[in-house]
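Engineer: the following comprises the amino acid sequence and a computationally predicted model.
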Amino acid sequence: AADPDSSGNCGRYWRGGTSMAAPVVAGTAAQIRQYFVEGWYPCGSRLCGEPIVPSGPLMRAILMNGGQTLVGIQDFSSGEVLNEETRPYDNSQNMGRVNLLASLPLEGRNDFGMVV
């Protein structure tokens, strides 16, 4: 995010938490919908399948399936990564980070079977 100083120059600063994750997940959900509406399913290339409008539960399942465990947590006051043990679905990481390559076939990028 931009943080202008007194001279008007913009630097960058770190922000995290649910306020920063929400726009990422919303954008990812839009990409999931576009993936199905443009017919990328089932082979992972555009127009290889019939366009479908995905249901809300399907989009949620795809988001959750692609959640990847975080390695550690960060202390926002110092920026230091803490070497505390995290477990899936705990209060530090919840579902982890979003990764669509773990959920949706994309020709030339991943290779797995999927049935919707």
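Structural biologist: All right, it came through fine.
Engineer: quick check: which ranges of the chain have low pLDDT?
Structural biologist: 1-17, 76, 83, 92, 113-116 (pLDDT under 70).
Engineer: check contacts around the residue nearest to the spatial centre of the chain.
Structural biologist: The centre of the chain sits closest to Val98, judged by CA atoms, centre = their mean, with a distance of 2.6 Å. Neighbour list for Val98: Val24, Val25, Thr28, Leu63, Gly66, Gly67, Gln68 [criterion: CB atoms under 8 Å, 6 or more residues apart in numbering]. Where you see a C-beta, it was placed from the backbone N, CA and C, and this is true even at glycine.
Engineer: all strands of this protein, in order?
Structural biologist: 2-4, 10-12, 73-74, 81-82 (DSSP state E).
Engineer: what are the phi and psi values at the residue nearest to the centre of the chain?
Structural biologist: Backbone torsions for Val98, taken as degrees, to the nearest 10, come to phi -80, psi 140.
Engineer: hang on, the earlier thing: nearest to Ser103, of the contacts of Val98?
Structural biologist: Among the contacts of Val98, Gly66 lies closest to Ser103 (CB to CB), at 3.9 Å.
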